[in-house]
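The following comprises the amino acid sequence and a computationally predicted model.
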Amino acid sequence: MKEALPNGVDVGWGGTTSYKFLHEIFFASTAKMGVWHYPRRIGEGEVVDVRFKQYVPEGVSFSEWVNLLGADVEFFEHAHLTHMLGRSFLFHCLQPPLSWKEKIPESAHFSREEQEILLLAAIVHDWGELRVGDKPYPSKTPTDELEEIKAQEEVAGGRFSKSRDPILWVKIHQAFEIVNNRDSKLGRAFNVIEKLGYFRTGIIAWGKSRQTEREGRIELSSRLQWLAAEVSANHLPKLLEYAEDYPAVFAYLTDMKFFISDIFEQIPDSIFENYPRENRDSKMARFDEAKEGWFNFLESKGF
């Protein structure tokens, strides 16, 4: 029987700070308003924004956007979702699906301490956005990244004390290092988890686009298709690489293979009219490259 995954951070002397506590402490002073939390002010100068907001058409409320796409577009729930994806990722490393025929590579073996820090990174990875807001993945610049790193330190320092919580303080900063450096073993693993989250939202968006199209909500359907196309082009090529090393990626892509194929076969060319004219050709080429990679992957795996 596999050992259970950590539920919190070991802070010494037999004590543990739970992930649930760390997640909730940053929002404890903010009253929830139904299912919607945006826009809202967490504290002086701290503003939380909606995720994937560039795809929201006029006339669609933030609450409806959350109801359509779920936890990943709601800032508070996004961190929890990422944490749960991290747990699923680690579980698959410990117990790969029957469809996984290969030996688990060393990069997918994680010690108890590595599991702990990786799951902590999932909780804290967007703390900087409490101050700087969410920047869409395709348009995030190096300057944006540096601002977010600075904000991480400010937010953590406002909640925890280096002298009062020395071990927790060190581990939070280890988690920030993972989030900000994707070249390390744990940084690469966190990148996998984050990309699975993005791609999961794209697949949900595709399903909702078909639903809203049947309802006659053509503009909303088109925006959801655009989201699905953008996420597929940006993240699937890397996930196909990760599928060779991580059982969780392989399992998710093969479980979702019919939905993914449907995206590539049914996305209309009109979707690319959402981009500025000078970017359309490159965006279409990127999408077509991801499409080719996907069907080559299916063929190589015998699907």
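Great, that's in hand.

could you pull out the strands for the protein?
8-12, 15-18, 40-43, 46-48 (DSSP state E).

Please tell me how far the nearest residue to residue 92 once chain neighbours are set aside sits from residue 82.
Nearest residue to residue 92, sequence neighbours excluded (C-beta to C-beta, 6 or more residues apart in numbering): residue 248, at 3.7 Å. To be clear about C-beta, it is placed using only N, CA and C from the backbone, and glycine gets the same treatment. Applying C-beta to C-beta, to the nearest Å, the value for residue 248 to residue 82 is 13 Å.

mean pLDDT for the strands of the chain: which is lowest?
Of all these, the minimum mean pLDDT falls on strand 40-43 (a mean of 40).

pLDDT weak spots in this protein?
1-3, 26-49, 129-142, 144-146, 148-149, 151, 156-158, 163 (pLDDT under 70).

Just the helices from it, written as ranges.
19-25, 62-69, 75-94, 112-124, 129-132, 142-159, 166-180, 185-214, 218-242, 247-255, 257-266, 277-300 (DSSP state H).

what's the last one in contact with?
The contact list for helix 277-300 (C-beta atoms under 8 Å, 6 or more residues apart in numbering) reads 229, 232-234, 236-237, 240, 243, 253, 257, 260-261, 264, 267, 269, 272-273, 275.

again, but for the fourth one
If you take C-beta under 8 Å, 6+ apart as the criterion, helix 112-124 is touched by 3, 5-6, 9-10, 19, 22-23, 79, 82-83, 85-87, 90, 110, 152, 156, 171-172, 174-176, 178-179, 185-186, 189-190, 193.

Now with 6 Å, please.
5-6, 9, 19, 22-23, 79, 82-83, 86, 90, 174-175, 178-179, 186, 189-190 (C-beta atoms under 6 Å, 6 or more residues apart in numbering).

Now the buried members of those.
Buried residues within the contacts of helix 112-124, counting neighbours by 16 or more other C-beta atoms under 10 Å: 5-6, 9, 19, 22-23, 79, 82-83, 86, 90, 175, 178-179, 186, 189-190.

Pull the number of nearby residues for residue 105.
Look at residue 105: counted by other C-beta atoms under 10 Å, it has 12 neighbours.

With that, I have no additional questions.
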